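**Q** Let's see this in three dimensions:
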Amino acid sequence: MSDTSRTSDARTPAQIEADIKRRREALAETLDEIGVRVHPKTIVGDAKAKFVASVDHTVGRAYVGANRLVSDVKVQFVSEEGAPRVERIVPVAVAVVGLVGLLAVTVRRRKR
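**A** Predicted coordinates:
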């Protein structure tokens, strides 16, 4: 390199000090950010947020599944016009009443 290129690349002490100051401020900002990220409250908060998001997702999927199940069952007992299908409701009602009666008798026998 020639002497002129060396002098054009040379920086003044004020430029060097300004560069050092700028880098020091950037480093301080980075260290502050790292301090916030590794702070226990931040870690706990992030874990809670992830857990809540996971629960919300699971509850949402369960709600959709339950809603689909209810719709499927409703189709079995209600016609497209909205009228109840008596030929399907009566056998199920008889079975439920019989099951409840059987449970009542079983509980009563165990108490004796």
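**Q** from here on, contacts and neighbour counts on C-alpha atoms
**A** Fine.
**Q** and this structure, what are its domains?
**A** Following automatic domain parsing, one gets these domains for the chain: 1-38, 40-77, 85-112.
**Q** Adding mean neighbour count and mean pLDDT, write these out as CSV.
**A** Formatted as CSV, the domains of the chain follow (neighbours: other C-alpha atoms under 10 Å; pLDDT from 0 to 100):
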stretch, mean neighbour count, mean pLDDT
domain 1-38, 11, 84
domain 40-77, 12, 93
domain 85-112, 11, 92
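**Q** what ranges do the helices span in this structure?
**A** Under the criterion DSSP state H, the chain contains helices at 3-9, 13-38, 40-77, 86-111.
**Q** what helices or strands is the longest one leaning on?
**A** Okay, so that is helix 40-77. helix 86-111 (3 or more C-alpha pairs under 8 Å, 6 or more residues apart in numbering; DSSP states H and E).
**Q** Tell me what angle the helix it packs on forms with helix 40-77.
**A** Here helix 86-111 runs at an angle of 120 degrees relative to helix 40-77 (axes from the mean of the first three to the mean of the last three C-alpha atoms, to 10 degrees).
**Q** Now do helix 86-111: which elements does it pack against?
**A** Under the contact criterion of 3+ C-alpha pairs under 8 Å, 6+ apart, helix 86-111 touches helix 40-77.
**Q** Now do the helix it packs on and helix 13-38, the angle between them.
**A** 50 degrees.
**Q** and the gap between residue 57 and residue 94?
**A** 38 Å (C-alpha to C-alpha, to the nearest Å).
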